[in-house]
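Undergrad: Here is my input; please provide its structure:
(one chain, ligands or ions: 2)
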Amino acid sequence: MSTLIDNIGLLVTNENERPERERAALVIDGGTVAWVGDAGSAPDADEFIDAKARCVIPGFVDSHSHIVFAGDRSAEFEHRMTGQPYAAGGIRTTVAATRAASDAELAANTSRLVAEMRAQGTTTVEIKSGYGLTAIDEARALAIAKTFTTETTFLGAHVVPAEFEDDPAGYVALVTGEMLDVCAAHAKWIDVFCDDGAFDVDQARAILRAGTARGLGARMHGAQLAPSGAVQLAVELGAASVDHCTFLTDADVDALAESDTVATLLPGVEFSTRQPYPDARRLLDAGATVAIACDCNPGSSFTSSMPFCVAVAVRDMNFSPAEALWAATAGGAAALRRTDIGGLAVGQRADLVILDAPSYVHLAYRPGVPLVHRVMTAPAG
Ligand code: NIG
Ligand code: FE
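TA: Ligands and ions are numbered 1, 2, ... in the order given. Okay, the predicted model is just below:
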């Protein structure tokens, strides 16, 4: 089955030589981009779609989410908006609600959020565990996550749960032992929250090494709440991505620029915590690879909208619109070490969004406006 999308006003492919082209057409065959060229000159296909001069972009790759959970923390958000700071301890509130929820309730909550994401143009999502924090609860979160995506991440090291308050070393032993044993088969990645009130650099190193020894890829939450050695540790371990990067030292920026560890920025977090936004220019100008993701979670960033995050990134983090779109598509793919998604070059998956706009600039120019006309994905992805 082949499909021709013709009369595209602006097509973004993210190809190096020519990342975007005006008045374009694209042919999809078997879920893959088979041909890209000028409007009106494409080969015949089984199905025809007239884009009517709309902009076509790669589907968003949201490389960071925590959407297997129960409960609501809107009261915590309300307190933050009247001056309270964000603290890692709020995670325990969601842990209690998640442990008390049934499998069916958790699956339904996750499904609803995946549907929200998809309606806003996200075609690949990474999903973390991290609100169970027992072997059985982490494993069930990952079992649910993997029914929605292949990009599943074991985050048993999200925070030390209340029952291990006086024995954090015992909790690290559980995460790297029995919990990893039951979670590894359900996960592609291992993550750790290395920050104030969570895990320190030595604990994070032990946890990530245990995961990589079991074949999981490393990723990390770092420098969200304070500068620390987290970013340098991520680079040292060859992590695919270090996420947040809100408080970076010059040495962190240099280390990221010289590595292939992606710096993933999460605009929804600064928006929802009133922390200062990181300046993407610092990273981009140094030559680091930068991604944008939602970090959809009930505590620090309860948005499922990549268009919203792109708009905030442009407005408040100093991305250009083109840089922000790249970071939200190809950047997310790099953060997941994927080359089959994040762009629309011939041979890549035909995961795409037809925008109800002539240009992707409208994602930031028209913030909060539903601009997704149609989302198309290759089968099984
Ligand atoms: O990425 N920082 C750690 N984890 C999440 C927040 C989780 C929560 O507050 O429930 C984050 O921001
Ligand atoms: Fe997160």
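Undergrad: Could you pull up the contacting residues of residue 372?
TA: Counting by CB atoms under 8 Å, 6 or more residues apart in numbering, residue 372 touches 119-121, 307, 353-356. Bear in mind the C-beta positions are built from the backbone N, C-alpha and C, glycine included.
Undergrad: and these, which are buried?
TA: 120-121, 307, 353-355 (16 or more other CB atoms under 10 Å).
Undergrad: For ligand 1, give me its nearest residue in the protein.
TA: residue 299 (2.1 Å; CB to the nearest ligand atom).
Undergrad: what's the burial count for the nearest residue to that residue once chain neighbours are set aside?
TA: In this structure, residue 299 finds its nearest non-sequential neighbour in residue 90, 4.8 Å apart by CB to CB, 6 or more residues apart in numbering. Counted with other CB atoms under 10 Å, residues neighbouring residue 90 total 19.
Undergrad: Show the pLDDT at residue 90.
TA: pLDDT, residue 90: 93.
Undergrad: Make sure it is indeed in a helix.
TA: Yes. Looking at residue 90 with DSSP: H, G, I helix; E, B strand; the rest coil, it is inside a helix.
Undergrad: I'd like to know how far the closest residue to residue 259 other than its chain neighbours sits from residue 209.
TA: Nearest residue to residue 259 in three dimensions, chain neighbours excluded: residue 235, at 4.5 Å (CB to CB, 6+ apart). Computed as CB to CB, to the nearest Å, the residue 235 to residue 209 distance reads 15 Å.
Undergrad: cool, and residue 216?
TA: Residue 216 is 11 Å from residue 209, by CB to CB.
Undergrad: before we move on, the earlier item: what does the helix or strand hosting the residue nearest to residue 259 contact?
TA: Element membership for residue 235 (DSSP states H and E) is helix 230-236. Residues outside helix 230-236 that contact it (CB under 8 Å, 6+ apart): 194-195, 201, 204-205, 208, 218-223, 241-242, 245, 248-249, 251-252, 255-256, 258-259, 261.
Undergrad: Of the residues you listed, which belong to helices?
TA: Using DSSP state H, the subset of the contacts of helix 230-236 located in helices is 201, 204-205, 208, 251-252, 255-256.
Undergrad: Generate CSV for those, with neighbour count and pLDDT as supplementary columns.
TA: Shown next, in CSV, are those (neighbours: other CB atoms under 10 Å; pLDDT from 0 to 100):
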residue, neighbour count, pLDDT
201, 16, 98
204, 28, 98
205, 17, 98
208, 27, 98
251, 12, 97
252, 26, 98
255, 21, 98
256, 26, 98
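Undergrad: where does the chain come near ligand 1, residue by residue?
TA: Residues of the chain lying close to ligand 1 by CB under 6 Å from any ligand atom are 66, 90-91, 94, 193, 221, 224, 269, 295, 297-300.
Undergrad: where does residue 347 land on pLDDT?
TA: 98.
Undergrad: typed the wrong thing, it's residue 381
TA: At residue 381, pLDDT is 46.
Undergrad: what's the answer for residue 65, then?
TA: pLDDT, read off for residue 65, is 99.
Undergrad: That one against residue 300, yeah?
TA: No. Using CB atoms under 8 Å as the test, residue 65 is too far from residue 300 to be in contact (11.8 Å).
Undergrad: Tell me where the stretch 101-250 of the chain has helices.
TA: Here the stretch 101-250 of the chain has its helices, by DSSP state H, counting those that start in this stretch, at 103-119, 135-145, 168-174, 180-183, 201-213, 230-236, 250-257.
Undergrad: Please name whichever of those is nearest to residue 129.
TA: helix 135-145 (3.9 Å; CB to CB).
Undergrad: Report the buried residues of that closest one.
TA: For helix 135-145, the neighbour count (16+ other CB under 10 Å) marks 135, 137-145 as buried.
Undergrad: Output those residues as TSV; include the columns pLDDT.
TA: Compiled in TSV, the buried residues of helix 135-145 are given as follows (pLDDT from 0 to 100):
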residue	pLDDT
135	98
137	98
138	98
139	98
140	98
141	98
142	99
143	98
144	98
145	98
